[in-house]
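A.B. asks: give me coordinates for this.
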Amino acid sequence: MGHLDHAVFGWLTPVLSYVMACTGAALGLRCTVRALAATGRSRRNWLVTAASAIGTGIWTMHFVAMLGFGVGGTEIRYDVPLTILSLLVAMAVVCAGVFAVGYGRDRTRALLLGGLTTGLGVASMHYLGMTAVRLHGDVSYDPVLVALSVVIAVVAATAALWAALHISSPVAVTVASLVMGGAVSSMHYTAMFAVNVRVVPSGEALPGATAMQFIFPLAVGLGSYLFLTSAFVALSPTAGESEASASAQRPVESAAH
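C.D. replies: Reported below is the predicted structural model:
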């Protein structure tokens, strides 16, 4: 069995991946709160932004954590198309869950359906990302830990959507985001502890790209997207602020006439 190291760079990758998960969760929650207060095209746009933020945060968390993953006796490469596909899966399933909550008439049913769909999608994203790993050896999984990781993903997704429906104050959103980031990180490392690798020494070159060639620049790009979008959302007026501004302008316009 190959020795698995989940923190090659010490605490750097676990902490940074947790920050990414929290940032995506916070941005997604804020956008969902904005969406529920909006109507028409504005609601749809906020929901799309929320889904992209949460999906990007989850995916970036996973692959930033994978930068710290190493196996003794073999190098690691990543299949580029499969890795990109895992990002698209994360975006699609989170979008489905967020839209189910954003437009569902029966909130309880929408919450359960959205949480289940999103949770299973997050788990699928993780294991699809693991399928993209190339190394000299055979990878197997502990079925009990795999099942536990899926349960954590579903519970975390359901809790995230519940928070989006019931939490609106900035402080509560911050606390919820920290909890959600911890839940997503727990799901990732539970799934990683399920991994077993039997190394088969070989002199053949592995196909795919190294983490620093592909994962790192992509994670930096997506992380930058999260922080820039966070700044945009923070500076955008809420529905209440827009309404107050419009109300303040009406007396001025009336006086002018």
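A.B. asks: what are the ranges of the strands in the stretch 101-250 of the chain?
C.D. replies: Secondary structure of the stretch 101-250 of the chain, counting by DSSP state E, counting those that start in this stretch: strands at 133-135, 137-141, 195-199.
A.B. asks: buried deepest among those strands, which one?
C.D. replies: When you average the neighbours per residue for each of the strands of the stretch 101-250 of the chain (mean count of other CB atoms under 10 Å), strand 133-135 leads with a mean of 19. (Glycine included, C-beta is placed from N, CA and C.)
A.B. asks: residues in contact with it?
C.D. replies: Defining contact as CB atoms under 8 Å, 6 or more residues apart in numbering, one finds that strand 133-135 is touched by 71, 74-79, 139, 197, 199, 206-208.
A.B. asks: and if you look at stretch 147-155?
C.D. replies: The contact list for stretch 147-155, computed with CB under 8 Å, 6+ apart, reads 115-116, 119-120, 122-123, 126, 183, 186-188, 190-191, 194.
A.B. asks: would you format those residues as a markdown table with distance to residue 21 included?
C.D. replies: Putting the contacts of stretch 147-155 into a markdown table (distance: CB to CB, whole Å) gives the following:
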| residue | distance to residue 21 |
| --- | --- |
| 115 | 17 |
| 116 | 20 |
| 119 | 15 |
| 120 | 18 |
| 122 | 11 |
| 123 | 15 |
| 126 | 12 |
| 183 | 8 |
| 186 | 10 |
| 187 | 10 |
| 188 | 8 |
| 190 | 14 |
| 191 | 14 |
| 194 | 19 |
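A.B. asks: using CSV, list the CA coordinates for the helix or strand encompassing residue 94.
C.D. replies: Using DSSP states H and E, residue 94 sits within helix 80-103. Provided in CSV are the C-alpha atoms of helix 80-103 (Å, rounded to 0.1, in the frame of the first residue of the first chain):
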residue,chain,number,x,y,z
VAL,A,80,-7.7,17.7,-17.9
PRO,A,81,-11.1,16.9,-19.6
LEU,A,82,-12.4,15.0,-16.6
THR,A,83,-11.3,17.7,-14.2
ILE,A,84,-13.1,20.3,-16.2
LEU,A,85,-16.2,18.1,-16.4
SER,A,86,-16.2,17.8,-12.6
LEU,A,87,-16.4,21.7,-12.4
LEU,A,88,-19.3,21.7,-14.8
VAL,A,89,-21.1,19.0,-12.8
ALA,A,90,-20.6,21.1,-9.6
MET,A,91,-22.1,24.2,-11.3
ALA,A,92,-25.0,22.3,-12.9
VAL,A,93,-26.2,20.4,-9.7
VAL,A,94,-25.8,23.5,-7.5
CYS,A,95,-27.8,25.5,-10.0
ALA,A,96,-30.6,22.9,-10.0
GLY,A,97,-30.8,23.0,-6.2
VAL,A,98,-30.7,26.7,-6.0
PHE,A,99,-33.4,27.2,-8.6
ALA,A,100,-35.5,24.5,-6.9
VAL,A,101,-35.5,26.6,-3.8
GLY,A,102,-35.7,30.0,-5.6
TYR,A,103,-38.8,29.1,-7.6
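A.B. asks: how far away from the center of its chain is it?
C.D. replies: 9 Å (CA atoms, centre = their mean, to the nearest Å).
A.B. asks: packing partners of it?
C.D. replies: Using 3 or more CB pairs under 8 Å, 6 or more residues apart in numbering; DSSP states H and E as the contact test, the elements touching helix 80-103 are helix 12-36, helix 40-66, helix 107-131, helix 143-166.
A.B. asks: with that, I have no additional questions.
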